[in-house]
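Undergrad: My questions concern the predicted model and sequence given below.
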Amino acid sequence: MMGKTVLVSTMITATLLLTYCGNSGQGNDSEKRMERIKQRDDGTLSLKIEYADCYSNTQNPSGNTAEWNVVVSKSGRYDVWLTSITTDTLKLSYENNVMVTVADNVLEARPQLNRIVRKSGDVSNQYFQADSFLGTLFIPDTGSYYVQVISEKILPEDYLTQGLSGEDISRLVSVSFTPASR
């Protein structure tokens with residue numbers, strides 16, 4: 001009986017911790033999460049957290065993960081940019097490095113503020129969009145890949161509205177791959 005109780009408790013806890021980063025209650029968004037994301041004609045690959053499969057634990061966020069299934073039609077070297085929303089335009093308050101993995105290629109860096117976009121159409125008025133250059137990553141072949149991002153700032157969408165006032169609140173919202181120019 002004790003083992004059964006522990007098993008049920010573990011299953012309930014795991015179910016509560018495994019969440020989509022966006023609104024999982026809307027069927028249309030769930031269908032978009034299942035689709036492969038295709039590269040644009042210009043080579044850009046834009047990955048929004050709301051369309052990722054995510055693991056998000058607000059109690060211990062260091063292992064929070066987002067994953068996308070993408071189709072790469074142009075191999076090569078890519079600049080990797082992270083977009084966050086934040087209340088502080090001086091620092092992003094990432095405590096740990098962000099890790100981006102494509103196939104066996106890993107890029108790990110601490111996001112810095114490279115550009116602040118005020119009044120971005122993607123961000124509500126109380127937040128700023130902060131873009132961070134993480135570095136470059138080489139994708140050797142075309143085809144289907146899983147892109148994985150690990151960061152404590154991969155948080156559920158409603159995290160920002162949970163009454164966390166008096167502190168800097170920031171959240172990762174997207175990752176972009178743009179062809180690197182020489």
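TA: Here it is on my side, so go on.
Undergrad: could I get stretch 72-89 in CSV with only the CA atoms?
TA: What follows is stretch 72-89, C-alpha atoms only, in CSV (Å, rounded to 0.1, in the frame of the first residue of the first chain):
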residue,chain,number,x,y,z
VAL,A,72,16.7,22.7,-41.8
SER,A,73,16.9,23.3,-45.6
LYS,A,74,20.2,25.3,-45.6
SER,A,75,23.1,24.0,-43.6
GLY,A,76,25.9,26.3,-42.4
ARG,A,77,27.0,28.5,-39.6
TYR,A,78,24.2,30.4,-37.7
ASP,A,79,24.1,33.3,-35.3
VAL,A,80,22.0,32.4,-32.3
TRP,A,81,19.9,35.1,-30.7
LEU,A,82,17.8,34.8,-27.6
THR,A,83,14.8,37.1,-27.0
SER,A,84,13.6,37.7,-23.4
ILE,A,85,11.0,39.9,-21.9
THR,A,86,12.1,41.8,-18.8
THR,A,87,11.2,44.6,-16.5
ASP,A,88,14.9,45.7,-16.1
THR,A,89,16.7,47.3,-19.0
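Undergrad: Find the residue at the geometric middle of the protein.
TA: Central residue of the chain (CA atoms, centre = their mean): residue 49, 4.5 Å from the mean position.
Undergrad: so that one touches residue 172, yeah?
TA: Yes: using CB atoms under 8 Å, residue 49 is in contact with residue 172, at 6.1 Å. Using the backbone N, CA and C atoms, a C-beta is placed for each residue, glycine as well.
Undergrad: Find residues that contact each of those two.
TA: Taking CB atoms under 8 Å, 6 or more residues apart in numbering as the criterion, residue 49 and residue 172 both touch 66, 154.
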